[in-house]
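Visitor: can you look at this prediction? I've put the sequence above it.
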Amino acid sequence: MSKTPLGVAVIGTGRMGADHVHRLRERVSGAEVVAVADVDGDRAAALAEAEPACRSYSDAGRALAAPGVDAVLIASPGPAHEEVLLESLERGLPVLCEKPLTPDPAGALRVLAAEQRFGSRLIQVGFMRRYDAEFLALKALLDRGELGQPLMMHCAHRNVGMPAWFTEQMMINDSVVHEIDCTRWLWGQEITAVTVVKPGARADSPVAGSDPQLVLLETSGGALVTVEIFAACGFGYQVRAEVVCSRGTATVGTDDARPGVRVAAAGRWGGGVDQDFLTRFGDAYQRELQEWVDAARSGRATGPSTWDGYAAAAVCAAGVTAQREGVRTPVELAERPPLYGESAAGRPRLPVG
Ligand SMILES: NC(=O)C1=CN([C@@H]2O[C@H](COP(=O)(O)OP(=O)(O)OC[C@H]3O[C@@H](n4cnc5c(N)ncnc54)[C@H](O)[C@@H]3O)[C@@H](O)[C@H]2O)C=CC1
Ligand SMILES: O=C1[C@@H](O)[C@H](O)[C@@H](O)[C@H](O)[C@H]1O
């Protein structure tokens, strides 16, 4: 591994970008943020201010060409990812790209083709649940085979609220994309069809369209996955999954499984509920970033691959059609190139302790 810190350019300095910058500066070893870019130049400049060696730009291309840039972290909105991914590949720079890789399979296929022209993996996709302690423990349990054959998984994915620009399609592309990746990763199976069922519209829903919705995924191994996606439940951030196997069940994301103080007072008993992904998945982002930095400093890319990003985009496209037309929609998946032979079930290390 190189002794000099990895010079990172961070593209997009909103919630996730700023969180990643702070982690890289304060908690991840072996990296230095040397450039930040945001179309809102003032936002990027405010983040660069704290670090004299960090330059700020309002254009991603200029940040990629800045002095000292060895690697790129993309945290702009999904539709802006493809352009930066392609330019990073042109420059041979390793990338950690926040999910979704791209919002559409066609864009993901262009990135997949460009990475194959480059000849080796440069991109890691930010499917951070693969780095969460609970999900890692669930994966290890399933891999041991003690519970037998996976038959079903029941997931709940609830957010407190969403900004006004959050669309019904983004419930699939931005939110359910995590359950899509988890299903592929946990079971090493592809998703073959998607159905979306909507309850009667809520009069007071802050999200356009019906909220919540129920998404049904069918897998190549004959298993079924249900996902309740609730974009604006109003009370807290919850990510739960119960796996049903032929010899038992396993659950992650129940409040009891999370460490925390339970208080009895004022005639009530209970604990806190996370309010967003930044607190719930903070440790996972940390592990994800450290693994990316370590791999990039050794000239490698690990973790969720461009193929995983593409496969998720293909399922999302079927999901959006299913959501719009109310019909079971088969997933159209291209052939997996040899470069990604081992990546679909790529396994981050279990946390120590
Ligand atoms: N892994 C996870 O748990 C999460 C991942 N995300 C992902 O992170 C990415 C960013 O999401 P948020 O930080 O929540 O959004 P945000 O809206 O808070 O920040 C996005 C930033 O990107 C900037 N931007 C827009 N277009 C740009 C462009 N072409 N070039 C450079 N900057 C541009 C915006 O001005 C804004 O500052 C998205 O891909 C999202 O899906 C978001 C939340 C959680
Ligand atoms: O990726 C994320 C957001 O973009 C998305 O909007 C949320 O639903 C997810 O829980 C969060 O992890």
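Guide: Nice, I can see it. Ligands and ions are numbered 1, 2, ... in the order given.

Visitor: for the residue in the chain positioned nearest to ligand 2, which three-state class applies?
Guide: Across the chain, no residue is closer to ligand 2 than residue 175, which sits at 3.4 Å (C-beta to the nearest ligand atom). Every C-beta, even on glycine, is put in place using the N, C-alpha and C of the backbone. Following DSSP: H, G, I helix; E, B strand; the rest coil, the label given to residue 175 is helix.

Visitor: cool, and the one 3 residues further on?
Guide: When the structure is split into helix, strand and coil by three-state DSSP, residue 178 lands in helix.

Visitor: with residue 200 instead?
Guide: coil.

Visitor: against ligand 1, how distant is it?
Guide: Distance from residue 200 to ligand 1, counting by C-beta to the nearest ligand atom, to the nearest Å: 29 Å.

Visitor: with adjacent residues omitted, what lies nearest to residue 82?
Guide: Of all residues not flanking residue 82 in the chain, residue 107 sits nearest, at 4.4 Å (C-beta to C-beta, 6 or more residues apart in numbering).

Visitor: isn't there a strand covering the one you found?
Guide: No. Residue 107 sits outside any strand when classified using three-state DSSP, being helix.

Visitor: return the distance of it relative to residue 100.
Guide: 9 Å (C-beta to C-beta, to the nearest Å).

Visitor: what do the two both touch?
Guide: Common contact partners of residue 107 and residue 100 (C-beta atoms under 8 Å, 6 or more residues apart in numbering): 81, 313.

Visitor: compare these two (neighbour count), which wins?
Guide: Applying other C-beta atoms under 10 Å to residue 107 and residue 100 shows that residue 100 carries more neighbours, namely 28 against 22.

Visitor: enumerate every residue touching the spatially most central residue of the chain.
Guide: Residue closest to the mean C-alpha point of the chain, counted by C-alpha atoms, centre = their mean, is residue 127 at 2.9 Å. Residue 127 makes contacts with 99, 178, 181, 182, 185, 303, 304, 308, 312, as judged by C-beta under 8 Å, 6+ apart.

Visitor: my read: the second one touches residue 129, true?
Guide: Yes. Using C-beta atoms under 8 Å, residue 178 and residue 129 qualify as a contacting pair, with a distance of 5.8 Å.

Visitor: end to end on stretch 64-84, go ahead and measure it.
Guide: 9 Å (C-alpha to C-alpha, to the nearest Å).

Visitor: off-centre distance for that stretch?
Guide: With C-alpha atoms, centre = their mean, to the nearest Å as the basis, stretch 64-84 stands 17 Å off its chain's centre.

Visitor: and stretch 82-92, by the same measure?
Guide: Stretch 82-92 has its C-alpha centroid displaced from the chain centroid by 19 Å (C-alpha atoms, centre = their mean).

Visitor: quick one on the thing from earlier: so of the contacts of residue 127, which ones are in strands?
Guide: Using DSSP state E, the subset of the contacts of residue 127 located in strands is empty.

Visitor: out of those, who's nearest residue 340?
Guide: Taking C-beta to C-beta as the measure, residue 308 is the one of these closest to residue 340, at 8.0 Å.

Visitor: pLDDT at the closest one, what is it?
Guide: pLDDT, residue 308: 98.

Visitor: distance check, it against residue 112.
Guide: Using C-beta to C-beta, one gets 11 Å for the distance from residue 308 to residue 112.

Visitor: state the number of residues packed around residue 192.
Guide: Residues contacting residue 192 under the criterion other C-beta under 10 Å number 16.

Visitor: part of a helix, is it?
Guide: No. Read with three-state DSSP, residue 192 is strand and lies in no helix.

Visitor: so who does it touch?
Guide: By C-beta under 8 Å, 6+ apart, the residues touching residue 192 are 218, 219, 220, 330, 331.

Visitor: report the contact partners of the residue nearest to residue 247 when sequence neighbours are not counted.
Guide: Closest residue to residue 247 apart from its sequence neighbours, by C-beta to C-beta, 6+ apart: residue 148 at 3.7 Å. Contacts for residue 148 (C-beta under 8 Å, 6+ apart) come out as 245, 246, 247, 248.

Visitor: for the first one, grab the count of nearby residues.
Guide: The one in question is residue 245. 19.

Visitor: kindly report the same for the last one.
Guide: When counting by other C-beta under 10 Å, one arrives at 11 neighbours for residue 248.

Visitor: picking up where we left off before, just the buried ones from the contacts of residue 192?
Guide: Listed as buried from the contacts of residue 192 are 218, 219, 331; burial here means 16 or more other C-beta atoms under 10 Å.

Visitor: I'd like those as CSV, with pLDDT, distance to residue 5 and secondary structure appended.
Guide: Shown next, in CSV, are the buried ones among the contacts of residue 192 (pLDDT from 0 to 100; distance: C-beta to C-beta, whole Å; DSSP: H, G, I helix; E, B strand; the rest coil):
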residue, pLDDT, distance to residue 5, secondary structure
218, 98, 45, strand
219, 97, 41, strand
331, 98, 41, coil
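
Visitor: what's the closest of those to ligand 1?
Guide: Ligand 1 has its nearest neighbour among those in residue 331, at 20.8 Å by C-beta to the nearest ligand atom.
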